[in-house]
Each structure stands twice: as structure tokens, then as C-alpha cells.
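**Student:** Show me the folded form of this:
(2 chains)
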Amino acid sequence: EAAVTQSPRNKVTVTGGNVTLSCRQTNSHNYMYWYRQDTGHGLRLIHYSYGAGNLQIGDVPDGYKATRTTQEDFFLLLELASPSQTSLYFCASSGLGSQNTLYFGAGTRLSVL
Amino acid sequence: GQQVQQSPASLVLQEGENAELQCNFSSTATQLQWFYQSPGGSLVSLLSNPSGTKHTGRLTSTTVTKERRSSLHISSSQTTDSGTYLCAIEYTNTGKLTFGDGTVLTVKP
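**Tutor:** As a prediction, this is how the structure comes out:
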């Protein structure tokens, strides 16, 4: 079973704060994804990557940066957090993009006050 | 933009009844996956079915590509099936999935 670990699991920050969400997968998957999920909605793609050093823009990228430092590690950065970014964030990985099963982390709940 | 519509938004069943969940999409899909999200929030992939019919356990998915629709049938529902079922589509070969808003299933004992 693929393992995707997110940290922290919960985070509270203030408007204008700087936040980094971390994701590590240990199954040598090429693709990694960052999604956000808001109450009553499905997942919306923020950024994704198909390898170390690669970054692709998702559907809701505004206010977010991301960096894939290694094949295992994918980070989501909020440099000036706003209350609209209060959400549940999921990281996922897959072997060959969406042709393969996506494995999700447990999620990070972020509150921006 | 490209959309994924799921219906019904919510469904309440008695244990043992069957569930039928629908997913409609706005363009040709190169990939379609069904996911389950537990009440606690964890997400797992149920099956991948871009076309035709697939079975796994009590789940059956039928995708009619030219009609841009897919269904997920859950037979003999159990209380542990309660949660949210999400349909996700890849419209192009970009490795990017677009999710629907989900169907919230509640199975009562």
C-alpha cells in the first residue's frame, strides 16, 4: 500500500502569515498533487508535479506556490495567507498520472484567522 | 470550464438496500475514477473505469463514454458504506483529475 504522509495535520495561522504544508511519499511515484477541499465540495487541484523540479499549475493556483524538491517531497507554500485559504488540504501521489490509482495523505486542516 | 456533475447530492438507505450513484461529465474523458471519503475525511480509490463495466466486491461501475456518464452501483449496502463518494475525470492526457462535489451516502441500520 502506497504511503503518503502530510504534515502538519492541523495548522492555525493569522492573515498575512507564512505557511508551508509538507507531503512525502515513499513509493517512488512520479506524480504528486495538492488539492483543497471545502465544505460540501469535491477536491480542487492547486498544483501538481510529475517529477523533482517540475511544477504544473492546477485549477485554483492563485495565492499558492509549490515546490517539488525530490521525488519524495512536495511542498505547498502560502506566503501571505488569507481567510479564503482556510480549507482541508490533501496531497496525493500516483505512478503515471491519473492513469494509475491516486493515493492520498490524511489531510491538513488549515485555519487562517 | 469542464465540469463533473454528481447525483444525487445525498442518499439515505436502509441497510441491505442497493445504491445507484451517477456521474456526468462535460467532455470526452480519458480516465474516470471513483473514490470514497470516510466520515473522518480519509480518501481511498475504489476503482478506475474509463469505459465499460467493472466489478469489485459489492461495487459495479458502468461508464458509457459516448453519453458522458458513469454510474456506481453498491449492492446490499452496509452501515460502513456511509460516507461521500467522489467521481473524478481526466479530460486530457495531462495527469490531472477534476472532481465532482460528491454524493453523501448514509446507510441506516
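
**Student:** contacts and neighbour counts: CA atoms only from here.
**Tutor:** Noted.

**Student:** Residue B:88 contacts residue B:32, correct?
**Tutor:** Yes. Between residue B:88 and residue B:32 a contact is recorded at 5.7 Å, counting by C-alpha atoms under 8 Å.

**Student:** Strands of the chain, start to end?
**Tutor:** With no chain named, the answer covers chain A. Assigned by DSSP state E, the strands in chain A fall at A:4-7, A:10-13, A:19-25, A:31-37, A:43-49, A:56-57, A:65-68, A:73-78, A:87-94, A:103-104, A:108-112.

**Student:** try again with chain B
**Tutor:** B:4-7, B:10-14, B:19-25, B:31-37, B:43-48, B:52-56, B:59-64, B:69-74, B:83-90, B:98-99, B:103-108.

**Student:** The helix or strand bottoming out on mean pLDDT in chain B: partners in the sheet, and parallel or antiparallel?
**Tutor:** Across the helices and strands of chain B, mean confidence by mean pLDDT, DSSP states H and E is lowest for strand B:98-99: a mean of 91. Looking at strand B:98-99 with DSSP bridges, its partner strands are strand B:83-90 (antiparallel).

**Student:** The partner strand vs strand B:69-74, what angle?
**Tutor:** 150 degrees (axes from the mean of the first three to the mean of the last three C-alpha atoms, to 10 degrees).

**Student:** Report the beta-bridge partner residues of residue B:83.
**Tutor:** Beta-bridge partners of residue B:83, as defined by DSSP bridges: residue B:105.

**Student:** ok, it touching residue B:35?
**Tutor:** No. Assessed by C-alpha under 8 Å, residue B:83 is found out of contact with residue B:35, at 10.4 Å.

**Student:** Show me where the chain dips below the pLDDT cut-off.
**Tutor:** Defaulting to chain A. A:1-2, A:97-99 (pLDDT under 70).

**Student:** You answered for a different chain; I wanted chain B.
**Tutor:** Across chain B (using pLDDT under 70), the flagged ranges come out as B:1-2, B:94.
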